[in-house]
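Engineer: need a structure here:
(chains A, B and C, ligands or ions: 5)
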Amino acid sequence: MGRKLLLDKAHVDGIRYYDVYRREGGYRSVEKALKTMSPDAVTEEVKKSGLRGRGGAGFPTGMKWSFLAKPEGVSRYLVVNADESEPGTFKDRYLMEFIPHLLIEGMITSSFALGSNRSYIYIRGEYAWIVDILEQAITEAKNNGWLGKNILGSGFDCEIYVQRGAGAYICGEETALLESLEGKRGNPRIKPPFPAVKGLWDCPTVVNNVETIAAVVPIVNEGGEEYAKIGIGKSTGTKLISACGNIKKQGVYEIDMTISVEEFIYSDEYCGGIANGKRLKACIPGGSSVPILPANLLLKTAKGEARMMTYESLADGGFATGSMMGSGGFIVLDETQCVVKHTYTLARFYRHESCGQCSPCREGTGWMEKILLNIEKGKGKMSDIDLLWDIQRKIEGNTICPLGDAAAWPVAAAIRHFRDEFEWHVQNPEDCLKRNYGLAGYADPLKVVTPA
Amino acid sequence: MAEEIKKEAPANFKVTIDNITIEVAPGTTILNAARQIGGDVTPPAMCYYSKLQGSGGKCRTCLVEVAAGSTADPRPMPKLVASCRTNVMDGMIVKNITSDRVQDARAGVVEFLLLNHPLDCPICDQAGECHLQDLGYEHGKEGTRYEFKRRTFEKEDIGPYIQLHMTRCILCYRCTYVADQLTNNRVHGILDRGDHAEISTYISKAIDNDFSGNMIDVCPVGALTDKTFRFKNRVWFTKPMDAHRDCDKCCGKVTLWQRGDDVLRVTARKDEGGEVQSYEGKPGWICNTCRFDTKNTSDWVIEGPTKINRHSVISQGHYVGLVKPKETIAEVMGGRDPKLLMDIHSVSGVNSVEIAALPGPATSKNFIPESKQE
Amino acid sequence: MSVQFSEKAMQEVQRLVGRYPEGKHKSALIPVLHLAQQEFGGWLSTETMDYVATVLNLKPIEVYEVATFYSMYNLKPVGKYLFEVCQTGPCMLNGSDDIVAYIYEKLGIKPGETTADGLFTLKTVECLGACGYAPMMQLGKNYREHLTKEKVDAVVAECRNTAPPKTDQ
Ligand SMILES: Cc1cc2nc3c(=O)[nH]c(=O)nc-3n(C[C@H](O)[C@H](O)[C@H](O)COP(=O)(O)O)c2cc1C
Ligand code: SF4
Ligand code: SF4
Ligand code: FES
Ligand code: FES
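Structural biologist: Ligands and ions are numbered 1, 2, ... in the order given. Alright, predicted model coming up:
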């Protein structure tokens, strides 16, 4: 059994409410920070913990905090990113739904460290019922003296507000999120300036994922060094993984980053294996934006080592043979699934979610979607596969925000690893409407290339 | 402390673009530094407009490679950067036309921009002064690889003076900045998102403001056009003349597009970059009265023929005072004829007429191909 | 219907505006549009948007620009019950296509269509963050997850009988 720091109490009866949460040891981190620590000392603990942003990019949180500009007399803001719209990802929702006070507690402690007197949770609009859960938790916290003026007599004031979005994946990108929070279209800003200097209403701002902020609670309680002892290398602490697709037990799991991908998929503690007695074909281990891997490369790296559920191991081999931890959205495809179709739905998603500001993403995402639909429907040409490759290549790296990359990578990886499945669709235009390509050789053991 | 840093920093930053080194003031963007060098080194810019705050960054035509960030930190930047929104650093080394990566990415961007753009230059009012057309000549591929239906929209009148043909729009956002920054009552904007985004008023509202006409001048393509442009004429049939009048609303300095004694159209004067000219540092925006309602030659003091040195088909009209581009189109295009954007020259027959050599103003008779002349 | 917030809704607007610093009331636009959609028939008419512009002291175009950007605002009237079925990858892997097909079989509506009685509208949407509980749809404020044909039957019956109107957000 791995250690759990975030969800160990998530199923205690009534933990959603203040009294139970407090009884179970909740709000200790606020007491500790506000009564015994300076804001910089809290940031220092977060640095020591090695915590990396859980929203997708994996940027070290302590470092991000220390970049925050602190000009005299200018407000600073903490904004929590609860937009959670990356296909395959539903972990923040789980945390907020079951143990909302953990987020509120983490926010108070973090706001203290950053000097934010007014902090916002930006939540995707569709999570409408969670807004109520969070607002209730905020009211309870406030009634018990954890929010408001002069909290615990420390002189620190803090309010937390929940802002609901209205349906736009792009508002998960931090600058688009800030635009949206300012009541505008969710168009990502052109950086620099970065939010740490000019963020919400042009004030210095830190944007962090829900899980990142929740992790501040155990870090402050146990100390950064203790937290850093969990995990392997630079993958410290625990990580929430939302597992979905064709596995026996879909759901949200908290892992300490010491287990292998194989263990995660097949052990009963986690996914419980592939559903309906089927075999594993492919997996997108970190949310729809990261590269898809065939079964063989998923379980073992190109060097023949077992792939672990860590930032480094998942990325081992780069884009040629690896993938990414991303947001922790673990999507599993069994042998009956069609990679072409799956890739098409993702391309459609990115076309739908492009803000349309910059030309490569606005035009390129729609183009890729149309070609993929043709191939999927048996109307594709061989040259379409190369065309797709060329389009994704011309989007990647040339856009304002990483959504362009996020749209390009899944297409690139699907072609890289599943080219014969695409070709089969082209060569068997009638067959491909009736059946799928199947497992083919995607689970065959790979020849390990030992560097000479 | 800030003071000290200022003292130590050199007054001017040295930047090298395509092996040409120039000194510019700190805070200058790569694009503006390249414009100071001029010529081929200047990246094309479809959305940036130096006189409009916040513009740029969107079209991605101006991407360049930064081979060295600065003297202090000479590492290259991993991604291509938008030169219109990236400031130079001292010792920066930039590659534009000397970078294959840039050429490749730019060709991609041009293809994306043209993907949903109609290929009907010969019937477009902007033909001859369209920046996208120029760009297509230089970077366009032969033929299109796009096999799907193009996005189309209905033409829309936005007020009595301006027509919006959204089908041609490249969503550069310039016109919205004009409306925000020159008028304080913006009624049009960007609606919807992604590949469905469009410029619109939502409820066909008239754009009614003294300076709204400047949206036409900033539009890089033929999406916003002057409805009062009389007898809708190919621009290269008209003769541009610099002129001015006393105006209490604007600078009154304009270009008159004439045919004979008729003033067909009035625009602001454009500088070499294709932007509205500045006078003593102030942009020479013109008011709607000058633009739309002052169309008698007698209203204006004519200064003389406009110098046109843009690398575009207008120049093919062989105006007096023309700074002639050195290359022919075929040379620019590496020996091949522009396919994608059609052959305007053969369509219009404009190449066969030396306007400057005509005794009087050009009329449509001058352009009837010889074969059809009776 | 004349467009005018009830007193209660107006108080909600005040509460929303109060959450931002002085002069930053534009930030309330997105939540206020949600409120308006709920108050005025489940969609945003031009009249409604103009009204919101007046209430928040914004230019109408600022409201149109925002309302057309976000996918949760309906710019056309919708049925009383809006079935928003997710069709992105993870839901597709678990049979969302079958659910869309079954709704067509049962109610005769394809994505984007409304039943003749004005009761149901079907819309396909992209990932709603319920991938592990797929297939799923959003109905009003809540999600209906692990959908099967039987569950769809039950949801339809529930709507036809007793369920609160979908505007009850
Ligand atoms: C298109 C796009 C969508 C994103 N969506 C989310 C999201 O839903 N939730 C999130 O926390 N971060 C998301 N991010 C990452 C954020 O921009 C940002 O890096 C993150 O919120 C920082 O928090 P962290 O350092 O705690 O991870 C997204 C980024 C991009 C480019
Ligand atoms: S990459 Fe896509 S989403 Fe990001 S700014 Fe450009 S158009 Fe918008
Ligand atoms: S109408 Fe013209 S100026 Fe306005 S966004 Fe479109 S291309 Fe740019
Ligand atoms: S001019 Fe620089 S991105 Fe458009
Ligand atoms: S894919 Fe349907 S909820 Fe995520």
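Engineer: contacts, neighbours, all on C-alpha from now
Structural biologist: OK.
Engineer: how distant is stretch B:87-96 from the center of its chain?
Structural biologist: Distance of stretch B:87-96 from the chain centroid (Cα atoms, centre = their mean, to the nearest Å) equals 25 Å.
Engineer: what mean pLDDT does that stretch have?
Structural biologist: Mean per-residue pLDDT for stretch B:87-96: 96.
Engineer: how many other residues sit next to residue B:47?
Structural biologist: Close neighbours of residue B:47, defined as other Cα atoms under 10 Å in any protein chain shown, add up to 25.
Engineer: Distance check, it against residue B:172.
Structural biologist: 5 Å (Cα to Cα, to the nearest Å).
Engineer: so what sits against both of those two?
Structural biologist: Residues within reach of residue B:47 and of residue B:172 at once, by Cα atoms under 8 Å, 6 or more residues apart in numbering or on different chains, are B:56, B:58, B:59.
Engineer: Quick check: pLDDT value at the first one.
Structural biologist: In the prediction, the pLDDT value recorded for residue B:56 is 96.
Engineer: and if you look at residue A:30?
Structural biologist: 98.
Engineer: can you check residue B:367 too?
Structural biologist: The model reports residue B:367 with a pLDDT of 43.
Engineer: Residue B:183 too?
Structural biologist: In the predicted model, residue B:183 carries a pLDDT score of 85.
Engineer: wait, it sits on residue B:211?
Structural biologist: Yes. Counting by Cα atoms under 8 Å, residue B:183 does reach residue B:211; the two are 6.2 Å apart.
Engineer: Relative to chain B, which residue of chain A is the closest?
Structural biologist: Closest residue of chain A to chain B, Cα to the nearest Cα: residue A:356 (3.6 Å).
Engineer: Test my guess that that residue contacts residue B:198.
Structural biologist: No. Residue A:356 is beyond contact range of residue B:198, at 9.4 Å (criterion: Cα under 8 Å).
Engineer: Does the residue most central in space within chain C fall in a helix, a strand, or a coil region?
Structural biologist: What sits nearest the mean C-alpha location of chain C, by Cα atoms, centre = their mean, is residue C:72, with 5.3 Å. For residue C:72, the assignment made with DSSP: H, G, I helix; E, B strand; the rest coil gives coil.
Engineer: Roughly how far does it sit from ligand 3?
Structural biologist: Residue C:72 sits 25 Å away from ligand 3, taking Cα to the nearest ligand atom, to the nearest Å as the criterion.
Engineer: For that residue, which residues are in contact?
Structural biologist: Shown here is residue C:72, whose contacts under the criterion Cα under 8 Å, 6+ apart are A:125, A:126, A:166, A:167.
Engineer: List the contacts of the last one.
Structural biologist: For residue A:167, the contacting residues are A:124, A:125, A:126, C:70, C:71, C:72, taking Cα under 8 Å, 6+ apart as the criterion.
Engineer: what secondary structure does residue A:163 sit in?
Structural biologist: What three-state DSSP gives for residue A:163 is strand.
Engineer: give me the number of residues near it?
Structural biologist: When neighbours are counted by other Cα under 10 Å, residue A:163 registers 24.
Engineer: and residue A:330, that's in a strand?
Structural biologist: Yes. Counting by three-state DSSP, residue A:330 is part of a strand.
Engineer: Could you list everything it pairs with in the sheet?
Structural biologist: Residues in a beta bridge with residue A:330, per DSSP bridges, are residue A:243.
Engineer: Pull the number of nearby residues for it.
Structural biologist: 28.
Engineer: can you pull the contacts of the residue of chain A closest to chain B?
Structural biologist: Here residue A:356 is in contact with A:362, B:193, B:194, B:195, B:196, B:197 (Cα under 8 Å, 6+ apart).
Engineer: if you skip the residues just before and after it, what's nearest to the first one?
Structural biologist: It refers to residue A:362. Setting aside the residues directly before and after it, residue A:362 is nearest to residue A:356 in space (Cα to Cα, 6 or more residues apart in numbering or on different chains), at 4.5 Å.
Engineer: surely residue A:66 meets residue A:43?
Structural biologist: Yes. The pair residue A:66 / residue A:43 is scored as a contact, 7.3 Å apart, by Cα under 8 Å.
Engineer: that older thread, and chain A, which of the shared contacts of residue B:47 and residue B:172 reach it?
Structural biologist: Filtering the shared contacts of residue B:47 and residue B:172 for proximity to chain A by Cα under 8 Å from any Cα of the partner chain leaves B:58, B:59.
Engineer: Now, the shared contacts of residue B:47 and residue B:172 that are in strands?
Structural biologist: Among those, none falls in strands (DSSP state E).
Engineer: OK, contacts around residue A:260?
Structural biologist: When contacts are counted by Cα under 8 Å, 6+ apart, residue A:260 is found next to A:299, A:306, A:307, A:308, A:309.
Engineer: Determine the number of other residues adjacent to the third one.
Structural biologist: Going back to what we said before, that points to residue A:307. 24.
Engineer: just for the chain, where's the confidence low?
Structural biologist: Because you didn't say which chain, this covers chain A. The model of chain A has pLDDT under 70 over residues A:1, A:449-452.
Engineer: I was thinking of chain C, sorry if that wasn't clear
Structural biologist: When residues are selected by pLDDT under 70, those of chain C lie in C:1, C:162-169.
Engineer: helix, strand or coil for the residue of it most remote from its centre?
Structural biologist: Distance from the C-alpha centroid of chain C peaks at residue C:22, with 30.2 Å (Cα atoms, centre = their mean). Classification of residue C:22 using three-state DSSP returns coil.
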